[in-house]
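K.L.:
need a structure here:
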Amino acid sequence: MHYNPSQVYPPDADTFLLLDAAMAEVKPGDRVLEVGTGSGFIARELAKVTRVVSTDINPHAAMCARRVGVDIVRCNLFNGVRGPFNLILFNPPYLPTAPHERIDDWLEYALDGGKTGRATIEQFAMDVARVLAPGGRILLLVSSLTGLDTVKDLFTSAGFFVEVVRQEKVEDEVLYVLRIHR
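P.N.:
I've put the predicted structure just below:
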């Protein structure tokens, strides 16, 4: 496969908002996992503070991240890594996407959140406890288009505490970074 940078989600407002929250949250010595690293921008910055492992399902994103020195495993969510991690970051595909809106390429994995925008978030919520260390924290980026209260309820019903630590209005949506912990 030839590397195609147009198939990698470039750093954007959501990336910078999550990075800002992550830099405020990370502690030296934390074992950090960034799920869906894309370009590797956040992982590369956090690696200046502590060890970071990243994942992405997109082979172009994995190649891009590897090129900038990010330790990456190509897999879906965290299926290819073993915890525990003290801090898990995720900027999931959160755009509500109808079947006729799908673009059917690798970049789709960064954007398509399914009909509600929560398909991947729901998978993440069901299994994240498996790789989260006791006392560990999750930073999850979501959009007002995804249904903030529904996402919060999803994690609360799984036994987590959820708080909004960052928010920013971007065009027709509000982006939120949620801090999730037991």
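
K.L.:
mind jotting down where the helices sit in the protein?
P.N.:
Secondary structure of the chain (DSSP state H): helices at 13-25, 41-46, 59-67, 108-111, 119-127, 148-156.

K.L.:
how about the ones you listed in JSON lines, adding mean pLDDT, mean neighbour count and distance to Val164?
P.N.:
Using the backbone N, CA and C atoms, a C-beta is placed for each residue, glycine as well. Written out in JSON lines, the entries for the helices of the chain read as follows (pLDDT from 0 to 100; neighbours: other Cβ atoms under 10 Å; distance: least, Cβ to Cβ, whole Å):
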{"stretch": "helix 13-25", "mean pLDDT": "98", "mean neighbour count": "17", "distance to Val164": "10"}
{"stretch": "helix 41-46", "mean pLDDT": "97", "mean neighbour count": "22", "distance to Val164": "19"}
{"stretch": "helix 59-67", "mean pLDDT": "94", "mean neighbour count": "21", "distance to Val164": "27"}
{"stretch": "helix 108-111", "mean pLDDT": "61", "mean neighbour count": "18", "distance to Val164": "23"}
{"stretch": "helix 119-127", "mean pLDDT": "94", "mean neighbour count": "17", "distance to Val164": "15"}
{"stretch": "helix 148-156", "mean pLDDT": "97", "mean neighbour count": "16", "distance to Val164": "8"}
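
K.L.:
so Val164 sits against Tyr176, correct?
P.N.:
Yes. In terms of Cβ atoms under 8 Å, Val164 counts as a neighbour of Tyr176; the distance is 5.2 Å.

K.L.:
closest to Asn86 out of the helices of the chain?
P.N.:
Closest approach to Asn86 among the helices of the chain is made by helix 13-25 (9.9 Å; Cβ to Cβ).

K.L.:
packing partners for the closest one?
P.N.:
Packing contacts for helix 13-25, counted by 3 or more Cβ pairs under 8 Å, 6 or more residues apart in numbering; DSSP states H and E, involve helix 41-46, strand 85-90, strand 132-143, strand 161-170, strand 173-181.

K.L.:
point out where the protein drops to low pLDDT.
P.N.:
Within the chain, the stretches falling below the threshold (pLDDT under 70) are 96-97, 102, 105-113.

K.L.:
again, only this time at 80
P.N.:
Across the chain, residues meeting the criterion (pLDDT under 80) sit at 1, 94-114, 117.

K.L.:
now do the same contact list for the residue most central in space within the chain.
P.N.:
By Cα atoms, centre = their mean, the chain has its centre lying nearest to Phe90, at 1.6 Å. Applying Cβ atoms under 8 Å, 6 or more residues apart in numbering, we find Phe90 in contact with Glu34, Val35, Gly36, Phe124, Ile138, Leu139, Leu140, Leu141.

K.L.:
this completes my enquiry, with thanks.
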